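Q: need a 3D model of the following:
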Amino acid sequence: MTSVNSDFVFGRHAGIDFLKTQDVGRINKIFLQQGVQADFASQVVYLAKKKGLIIQNVPKNKLDRLVQGGNHQGLVLAVSSFEYADLDQLLNKFEAENHDAFLLMLDSIEDPHNLGSILRSADATGVDAIIIPKRHATGLTSVVAKTSTGAIDYVPVARVNNLVQTTKELKKRGYWIFGTDMEGTDYRKWDAKGKTVLVIGNEGKGISPLLKKQMDQTLTLPMVGHVQSLNASVATGVLLYQMLTSRQG
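A: Numbering: from 1, shown residues only. Model prediction:
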């Protein structure tokens with residue numbers, strides 16, 4: 001596992017979930033706002049005592065500065081860096097278990113809110129792992145963690161140097177590669193069974209040309225409105241539920 005920069009987890013749902021699920025070594029400090037609701041404060045104190053952690057009670061403006069105006073809801077955790085999975089280890093594990101994995105590859109998603117929302121959908125639909133590039137894309141940050149409402153702890157995320165090269169390696173391992181395109185096959189006809197990778201493109205540019213050449217098939221979401229595009233996380237959610245329907249059916 002490789003780690004990135006230290007960060008914050010904030011917000012009541014994300015913070016409580018992190019306290020419940022993460023090892024004590026991941027949590028550096030707990031900042032609790034002075035005067036928060038007694039029942040919520042008691043819950044934080046209980047979880048902190050279980051892990052032997054000390055709570056620092058601070059004024060609201062201190063929390064505001066820590067998260068730069070984010071909606072902390074009275075709770076901020078200073079945490080060790082979020083960890084990325086090793087892709088080779090994941091693939092070897094799937095093969096050892098004879099598991100036809102479903103992987104989601106994100107080509108330079110830049111908005112951390114989109115990545116967080118995609119993590120939520122991935123967890124809900126049983127995605128085995130997410131692959132992102134090391135450059136020109138958002139990584140696992142506190143904003144991603146909060147938006148994912150805990151899904152960041154359950155869906156492995158691997159970072160790679162080159163998506164095109166990674167796609168070629170996945171093909172050698174027997175994976176079929178599907179991407180999104182305005183001229184693709186109707187997504188409702190998508191057969192997502194077997195070892196499958198779905199590639200989602202950048203919010204503005206879509207899938208890069210070199211990566212698009214690696215697609216075995218492209219999929220499109222039919223639209224009848226005036227705006228012929230969807231938010232990246234919304235489009236991903238629609239496609240992932242088609243994947244789930246296909247694989248369950």
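
Q: what strand or helix carries Thr180?
A: strand 176-186 (DSSP states H and E).

Q: could you identify the helix or strand that succeeds that strand?
A: strand 196-200.

Q: which SS state does Asn98 fall under?
A: coil (DSSP: H, G, I helix; E, B strand; the rest coil).

Q: related to what we said a few turns ago, tell me what the strand holding Thr180 is packed against?
A: Judged by 3 or more Cβ pairs under 8 Å, 6 or more residues apart in numbering; DSSP states H and E, strand 176-186 is in contact with helix 163-172, strand 196-200, helix 209-212, strand 217-220. In this view, the C-beta of every residue, glycine as well, is placed from N, C-alpha and C.

Q: would you map out the domains in the protein?
A: 2-79, 84-248 (automatic domain parsing).

Q: which parts of this protein are helices?
A: 12-21, 38-51, 60-66, 87-96, 112-125, 142-148, 163-172, 209-212, 232-248 (DSSP state H).

Q: list the contacts of Lys146.
A: 9-11, 14, 70, 116 (Cβ atoms under 8 Å, 6 or more residues apart in numbering).

Q: make a markdown table from these and add distance to Asn162 to it.
A: Formatted as a markdown table, the contacts of Lys146 follow (distance: Cβ to Cβ, whole Å):
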| residue | distance to Asn162 |
| --- | --- |
| Val9 | 30 |
| Phe10 | 33 |
| Gly11 | 34 |
| Ala14 | 32 |
| Gly70 | 33 |
| Gly116 | 25 |
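
Q: where does the chain dip in pLDDT?
A: 1-6, 80-81, 228 (pLDDT under 70).

Q: repeat the analysis, applying 50 as the threshold.
A: Where the chain drops to pLDDT under 50, the residues are 1-5.

Q: quick one: which of the helices of the chain is nearest Leu221?
A: Among these, the nearest to Leu221 by Cβ to Cβ is helix 232-248 (6.0 Å).

Q: CA-only coordinates of the closest one, as CSV, when you get a sec.
A: Output of helix 232-248 as CSV, limited to C-alpha atoms (Å, rounded to 0.1, in the frame of the first residue of the first chain):
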residue,chain,number,x,y,z
ALA,A,232,-19.8,12.3,-14.7
SER,A,233,-21.0,10.8,-11.4
VAL,A,234,-24.6,10.6,-12.6
ALA,A,235,-23.7,8.9,-15.8
THR,A,236,-21.4,6.5,-13.9
GLY,A,237,-24.3,5.6,-11.5
VAL,A,238,-26.6,4.8,-14.4
LEU,A,239,-24.1,2.5,-16.1
LEU,A,240,-23.2,0.8,-12.8
TYR,A,241,-26.8,-0.2,-12.2
GLN,A,242,-27.0,-1.6,-15.7
MET,A,243,-23.8,-3.6,-14.9
LEU,A,244,-25.5,-4.9,-11.7
THR,A,245,-28.6,-5.8,-13.6
SER,A,246,-26.6,-7.6,-16.2
ARG,A,247,-24.4,-9.5,-13.8
GLN,A,248,-27.3,-10.5,-11.5
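
Q: which neighbouring elements make contact with it?
A: strand 102-106, helix 112-125, strand 196-200.

Q: go again with 6 Å.
A: helix 112-125 (3 or more Cβ pairs under 6 Å, 6 or more residues apart in numbering; DSSP states H and E).

Q: which residues sit against the helix it packs on?
A: For helix 112-125, contacts defined as Cβ atoms under 6 Å, 6 or more residues apart in numbering pick out 104, 109, 138, 141, 143-144, 147-148, 151-152, 154-155, 232-233, 236-237, 240, 244.

Q: distance check, the residue nearest to Val36 when sequence neighbours are not counted against Gln43.
A: Spatial nearest neighbour of Val36, chain neighbours left out: Gly74 (4.1 Å); criterion: Cβ to Cβ, 6 or more residues apart in numbering. Gly74 sits 12 Å away from Gln43, going by Cβ to Cβ, to the nearest Å.
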